[in-house]
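structure of the sequence below:
(chains A, B, C and D, ligands or ions: 6)
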Amino acid sequence: MTGEVAVQQTEVLESASLNAEYHRIRVRAGAPASQARPGQFFQLLCPASPAGTPFLRRPMSVYGADPASGEVSFLFKVTGIGTRGLAGLVPGDRLDLLGPLGNGFTLEPGWRHIVALGRGAGLATLAPLGAAARARGMEVTAILSARRPSLMVADDAFRAAGARVIPVTDAEGTSGPAHVERLLRGMIADGRCDALFTCGSARLLEVVRRLAQGFGIPAMVALEQQMACGLGMCFCCVRSFRVDGQVLHRRVCYDGPVFDAREALE
Amino acid sequence: MTGEVAVQQTEVLESASLNAEYHRIRVRAGAPASQARPGQFFQLLCPASPAGTPFLRRPMSVYGADPASGEVSFLFKVTGIGTRGLAGLVPGDRLDLLGPLGNGFTLEPGWRHIVALGRGAGLATLAPLGAAARARGMEVTAILSARRPSLMVADDAFRAAGARVIPVTDAEGTSGPAHVERLLRGMIADGRCDALFTCGSARLLEVVRRLAQGFGIPAMVALEQQMACGLGMCFCCVRSFRVDGQVLHRRVCYDGPVFDAREALE
Amino acid sequence: MTDLSVRIGTLTLANPVMPASGTFSEGMARALDLNRLGAFVTKTITRELRLGNPLPRVAETAGGMLNSIGIPSQGVAHFLEHTVPFFAAFAPPLVASISAPTAEGFASLAAALSVPGVAAIEANISCPNLEADGQAFAMREDSTAAAVRALRAATALPLWVKLTPNVGEIAPVARAAEAAGADALVVANTILALSIDTETFRPRLGNVLGGLSGPAIKPIVLRQVWQCARAVRIPVIGCGGIADAADAVEYLLAGATAVQVGTATFRDPTAMDAIIAGLDRFCERHDIARVSELTGAMRTEETDEPELAWVNPVA
Amino acid sequence: MTDLSVRIGTLTLANPVMPASGTFSEGMARALDLNRLGAFVTKTITRELRLGNPLPRVAETAGGMLNSIGIPSQGVAHFLEHTVPFFAAFAPPLVASISAPTAEGFASLAAALSVPGVAAIEANISCPNLEADGQAFAMREDSTAAAVRALRAATALPLWVKLTPNVGEIAPVARAAEAAGADALVVANTILALSIDTETFRPRLGNVLGGLSGPAIKPIVLRQVWQCARAVRIPVIGCGGIADAADAVEYLLAGATAVQVGTATFRDPTAMDAIIAGLDRFCERHDIARVSELTGAMRTEETDEPELAWVNPVA
Ligand SMILES: Cc1cc2nc3c(=O)[nH]c(=O)nc-3n(C[C@H](O)[C@H](O)[C@H](O)COP(=O)(O)OP(=O)(O)OC[C@H]3O[C@@H](n4cnc5c(N)ncnc54)[C@H](O)[C@@H]3O)c2cc1C
Ligand SMILES: Cc1cc2nc3c(=O)[nH]c(=O)nc-3n(C[C@H](O)[C@H](O)[C@H](O)COP(=O)(O)OP(=O)(O)OC[C@H]3O[C@@H](n4cnc5c(N)ncnc54)[C@H](O)[C@@H]3O)c2cc1C
Ligand SMILES: Cc1cc2nc3c(=O)[nH]c(=O)nc-3n(C[C@H](O)[C@H](O)[C@H](O)COP(=O)(O)O)c2cc1C
Ligand SMILES: Cc1cc2nc3c(=O)[nH]c(=O)nc-3n(C[C@H](O)[C@H](O)[C@H](O)COP(=O)(O)O)c2cc1C
Ligand code: FES
Ligand code: FES
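Ligands and ions are numbered 1, 2, ... in the order given. The predicted structure is shown next:
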């Protein structure tokens, strides 16, 4: 984990329901929040709503962060009391952020073509990678998976950044791991996959891990785990990794959330 | 205690700051709330505010209740977290009421002239008595006490009902018990005091008790005490009374809040 | 329509929801159809007349409240002449909560209240035992056993014993009450607590200490209900912080057969009504025919030998 | 400027505010100037390496949270090689929290950590005692005394003993720790609790039971601090639900000499900073020159003989 972390009161500028499940909010934050890098996250103090009063903060990846305007945005799936409270925010409301937290994705200067592969809410985490990679002159292919086309999110962000987007969905029968693996093997064969990035699906992580190990391709995964502190203090957010044949725990908030995909278990 | 009691979600129609300390709100409630009688009260579930989240309901006298329009209003002094939350309500907000609760004031048909005597927030409790007595053809004199003229409330309600208003204040040196007692003795001598009603001051209660006992005048006091249930169940709201030489406890919410002023202690 | 009835020993209740002692009286009839309730539990009474504790008697805390009402009791005669006849007009059984400073005092009071119209005795043994330095009976196995034995000998009515949460381990106390003849346990009373006004430097309650109740204590008492239900065969009635149907279900899953609702009633006197309706809907949604099937239905998997924890399951 | 310094035995702290064990680590330096704190208290360590408890390890409750982290410990070597040097760069004294399954284990671990850079040992005796059926040491006077005696013999460092709130009466345990040589008491650890997911019927924690912390427990632990402070002469450090300066003042008034802040840090990692600033302002506003004057300054009047209460001050 690097950089300064602050508790910030921000102002909601936009709050938009994207489809039946996803919502996006944009806030005016200023530094250091707006300096967040792709893969980093914030701990949000979600407002009370009729659904309940969240006691713990909720982790949320940075979907967009612009140091110039000082704006930060989040894209999330409405699931429980925290995200329901978030979705109820309207422009002018306050939102309390803690962050930026965690280690983001790294982009090695030598890479010419990267592939992002995600599903569901994981697409929000991967989204800012598109623009960051393009800004470094890399080609980006994004394989974006969803239950059905109407639940796809972040594809617009990838397209706007100039990435090639390959949507795959359960409804169309294109999202199975076998099909995705075929797509990836094709890109690897074409020399269009210098690094792999994934988030949001254990099955896709499994595919990435296999290909990364088989072909020796650098691969990163952004993991999720329930959090309390977000600063590496409480050890509630651990996940298991296999390192040199040994299973050990790492804290998603502090040692991650981005990890070497070859070491992440399950 | 009489009548039906309900938990009601009401809509705030008006919320107005009256002076440095007092605030008034008016809500659309419907029956049974709007059938509340003078001296009855409601238990208000005050909204959370930056000052805090009130756990218990707050007792508040009915300041106005109109069965025709279904409206109910409250006039209160902003003191702690509950009333601060109340004062933050804006038109369109919801307010949860429990009531009407308690026994209100009684007006005996034979009375021709009543005197209301109150101070501070107690004026809000006495206010609806003016209109009710006038509607029964009684003359009303209201001796209203405040620290200074700018903190006086409910005088307009008494005047609008056609009562004679005698403001007394600390600032003007007119609010002392001795002066008030002289005023009352004058009215009693003039035969213009068939019953006494008081609220909001232990010193004024003392004066009322003495005169009521001395002249055999019916006298009622509306008492305050911290409450939890409002329905006579928890026994946290007791006050002491002397009845037939014995000291006993009565529940303000259930046995009152209006009591025979001659029995109330302190 | 779910079968909401539950059995507490020989007593069958129409549903598992009833008021907690001290948070219910005739006044509730103004706000709620009393015939909806599974049972009535009255405020604890003592033999003597008492005024109760000094004021203030309640204070707010985060997610709960403190009280030190004491037991302002109008005595046995008033209970028999007013309380019993009032509730006789309603269908749910009347449970009389009693307290006394000695085991013998409990017994004679229970005997005096074993009259038609009283369906069960709830012994509030969280009160101080004059024979044990003022410690609450329910803080010790021996004093619990002594009080319950005396009660058992004194009444043929179903005997519910209400435990205190202010113990290190509640299971041994539960077992002592069962062995001495209790028909059911009520778990639990309030948790001893303190609150100080930082402006006046004075305690917020006239009695200095008071009992904490409300949502704040739910996870603690739920744990104790689970520990008791595993320790005894008699029914456990859960009580602590229940405010909605989900809370009631949580208690049933932990092993309770019925529940009592206290503080929630102060925020909403119709809360029990909503809980009963909510239990019915919950069972329908989960395809459960009888609410009693929920009792003890918490699923715990066989996990790997758990590591020693710094906070440890003690039972 | 108030004099915020306090003395815990031979140790003088710049101010009475420090983190609670298990809610603090190097990571806090990202959000807070660590030199502001009165002391550092590290996560409890054990001699062996441990992974900790199964997930999920935390759950939300009304006004608080449950945790069953366990003690994922990287052992003594890691502590000496990494933790001690990291904190050596800062001014506040380092307090090392330790745990062990036997009194002897406590002693040898304390000895191993009695090195330059460690200013005091905090013995977390709320963990299960393998010599007493897995009951926590701090649940009993005798096991508390045994652990503290062994610790006292093993280290010359100031010895803080952290008690469990999961007892019926905490004062006797506090006295046992004092008599066995504790220099200060930390009151208290988390309260054993349970939470069940009513949709899955499963406990919300992988370990089934966990410890409740946060604002919900404040009135309970505050009562225990008051009971302990009256029972012993050594300083008491209050810990439970403190989130702002008023909460800290409440603990000082009840008899605490210093306070630890745990859960509040999760909602706001700068909470301790605000509490320190708030204490300063509070003292200025009340014309109090030294924060230590607040310790035990709660005012209780002589009241009439209080009536026996159904919930009773037990100490
Ligand atoms: C580093 C990180 C980044 C994330 N970024 C995003 C994002 O950009 N968009 C998005 O939609 N979601 C994201 N998530 C998941 C998001 O945190 C959860 O959806 C959210 O916490 C759910 O809270 P709730 O109160 O709505 O749900 P509830 O189910 O009521 O939450 C109960 C508890 O479980 C925790 N929890 C539930 N689901 C998750 C989860 N998937 N991951 C971690 N904790 C969970 C909550 O934080 C809370 O403590 C991210 C998670 C992590 C760890
Ligand atoms: C029957 C009745 C009618 C009332 N009518 C009015 C009215 O019309 N206008 C008005 O301004 N005030 C009235 N009051 C007083 C009003 O209830 C309190 O001002 C209010 O409860 C303060 O709450 P708070 O959270 O703002 O203050 P806090 O001081 O934060 O309250 C803390 C606790 O003390 C209780 N409390 C504090 N002051 C009083 C008080 N004076 N009486 C009872 N409980 C108190 C609160 O209810 C709460 O439980 C009435 C009180 C009663 C009993
Ligand atoms: C105001 C008040 C008065 C109480 N009086 C009694 C009592 O007389 N006897 C008793 O056994 N319990 C009494 N209790 C405890 C409740 O019956 C119940 O055990 C406790 O409040 C926990 O439940 P809750 O969280 O639902 O309120 C009282 C509780 C409150 C809040
Ligand atoms: C996530 C978490 C981990 C904890 N770990 C420890 C620990 O390792 N050792 C310990 O003595 N106490 C531990 N505690 C207890 C705290 O130190 C503290 O006693 C308790 O949380 C009450 O304080 P609070 O309400 O301010 O959090 C832990 C608490 C939490 C919430
Ligand atoms: S959330 Fe506390 S260590 Fe990760
Ligand atoms: S407020 Fe409960 S009896 Fe009056």
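
poorly predicted segments of chain C, please.
C:128-134, C:302-315 (pLDDT under 70).

ok, now how distant is C:Ile98 from chain B?
17 Å (CB to the nearest CB, to the nearest Å). From N, CA and C alone the C-beta is placed, and that goes for glycine too.

what sits closest to that residue if chain neighbours are left out?
Nearest residue to C:Ile98, sequence neighbours excluded (CB to CB, 6 or more residues apart in numbering or on different chains): C:Leu109, at 4.8 Å.

the one you found: what secondary structure?
helix (DSSP: H, G, I helix; E, B strand; the rest coil).

and for A:Cys253, the neighbour number?
28 (other CB atoms under 10 Å in any protein chain shown).

in chain C, which residue sits nearest chain B?
C:Gly27 (3.5 Å; CB to the nearest CB).

that residue - how many residues pack around it?
20.

right, and C:Ser99 touches C:Cys127 too?
Yes. Contact criterion CB atoms under 8 Å: C:Ser99 and C:Cys127 qualify, at 4.5 Å.

looking at the two, which is more packed in?
Comparing C:Ser99 with C:Cys127 by other CB under 10 Å, the one with more neighbours is C:Cys127, at 29 against 25.

re earlier: tell me the SS of the residue of chain C closest to chain B?
C:Gly27 ends up helix, using three-state DSSP.

same check, this time on the one 5 residues further on
What three-state DSSP gives for C:Leu32 is coil.

mind listing the strands for the stretch 151-300 of chain C?
Using DSSP state E, counting those that start in this stretch, the strands of the stretch 151-300 of chain C run over C:159-163, C:184-187, C:191-194, C:196-197, C:202-203, C:209-213, C:236-239, C:258-261.

show the pLDDT at A:Val207.
At A:Val207, the model reports a pLDDT of 97.

how much space between A:Arg159 and A:Ser150?
17 Å (CB to CB, to the nearest Å).

these two touch, right, A:Thr125 and A:Pro59?
No. Using CB under 8 Å, A:Thr125 is not in contact with A:Pro59; the gap is 10.4 Å.

partners of C:Glu60 in the sheet?
Beta bridges link C:Glu60 to C:Met65 when assigned by DSSP bridges.

quick check: the residue of the stretch 51-200 of chain A nearest ligand 4.
A:Leu56 (10.4 Å; CB to the nearest ligand atom).

stretch A:216-226 and ligand 1 in contact?
Yes. Legend: contact between stretch A:216-226 and ligand 1 by CB under 6 Å from any ligand atom is shown at A:224-226.

sorry, back to before: for the residue nearest to C:Ile98, what are its contacts?
C:45-47, C:76, C:98-100 (CB atoms under 8 Å, 6 or more residues apart in numbering or on different chains).

go again with 10 Å.
C:45-47, C:76, C:79, C:96, C:98-100, C:121, C:123, C:151, C:154-155 (CB atoms under 10 Å, 6 or more residues apart in numbering or on different chains).

what's the closest non-adjacent residue to the closest residue to ligand 6 within the stretch 51-200 of chain C?
Residue of the stretch 51-200 of chain C nearest ligand 6, by CB to the nearest ligand atom: C:Val58 (8.3 Å). The shortest distance from C:Val58 to any non-neighbouring residue, by CB to CB, 6+ apart, is to B:Cys236 (4.4 Å).

which strand or helix spans that neighbour?
For B:Cys236, there is no enclosing helix or strand under DSSP states H and E.

what's the local residue count around it?
Using other CB under 10 Å, B:Cys236 has 26 neighbouring residues.

equivalent analysis for C:Ala110, please.
Neighbour number of C:Ala110 under other CB under 10 Å is 23.

and the gap between it and ligand 4?
41 Å (CB to the nearest ligand atom, to the nearest Å).

hmm, back to that, export the contacts of C:Leu109 to CSV and tack on secondary structure and distance to C:Asp33?
Shown next, in CSV, are these (DSSP: H, G, I helix; E, B strand; the rest coil; distance: CB to CB, whole Å):
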residue, secondary structure, distance to C:Asp33
C:Ile45, strand, 25
C:Thr46, coil, 30
C:Arg47, coil, 33
C:Val76, helix, 29
C:Phe79, helix, 23
C:Ala96, strand, 22
C:Ile98, strand, 27
C:Ser99, coil, 29
C:Ala100, coil, 33
C:Ile121, strand, 26
C:Ala123, strand, 29
C:Leu151, helix, 32
C:Ala154, helix, 34
C:Thr155, coil, 30
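
when you scan stretch C:246-255, is anything in it near chain D?
Yes. Among the residues of stretch C:246-255, C:246-254 lie within reach of chain D under CB under 10 Å from any CB of the partner chain.

please enumerate the helices of chain A.
Per DSSP state H, chain A has helices spanning A:81-87, A:122-135, A:155-160, A:177-189, A:202-215. These are given in chain order.

the second one and ligand 1, any residue contact?
Meaning helix A:122-135. Yes. Contact of helix A:122-135 with ligand 1 (CB under 6 Å from any ligand atom) involves A:124-125.

who in the stretch 1-150 of chain A is up against chain C?
Going by CB under 10 Å from any CB, the residues of the stretch 1-150 of chain A near chain C are A:53, A:55.

from the stretch 1-150 of chain A, which residue is nearest to ligand 6?
Counting by CB to the nearest ligand atom, the stretch 1-150 of chain A gets nearest ligand 6 through A:Thr53, at 25.6 Å.

just list whatever residues bridge to the closest residue to C:Glu301 other than its chain neighbours.
Counting by CB to CB, 6+ apart, C:Glu301 lies nearest to D:Arg202, which is 7.9 Å off, once chain neighbours are set aside. Here D:Arg202 sits in beta bridges with D:Asp197, as judged by DSSP bridges.

ok, now A:Val221?
A:Thr198, A:Phe259.

so it makes contact with A:Val207?
No. Counting by CB atoms under 10 Å, A:Val221 does not reach A:Val207; the two are 11.3 Å apart.

what sits in contact with each of the two?
Common neighbours of A:Val221 and A:Val207 (CB under 10 Å, 6+ apart) are A:117, A:196, A:198, A:201, A:261.

restrict those residues to those near ligand 3?
Within the shared contacts of A:Val221 and A:Val207, nothing lies near ligand 3 by CB under 6 Å from any ligand atom.

what's the ChimeraX line that selects buried ones from those?
Here is the ChimeraX selection string for the buried members of the shared contacts of A:Val221 and A:Val207, based on 16 or more other CB atoms under 10 Å in any protein chain shown:
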select /A:117,196,198,201,261
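
great, nothing more from me.
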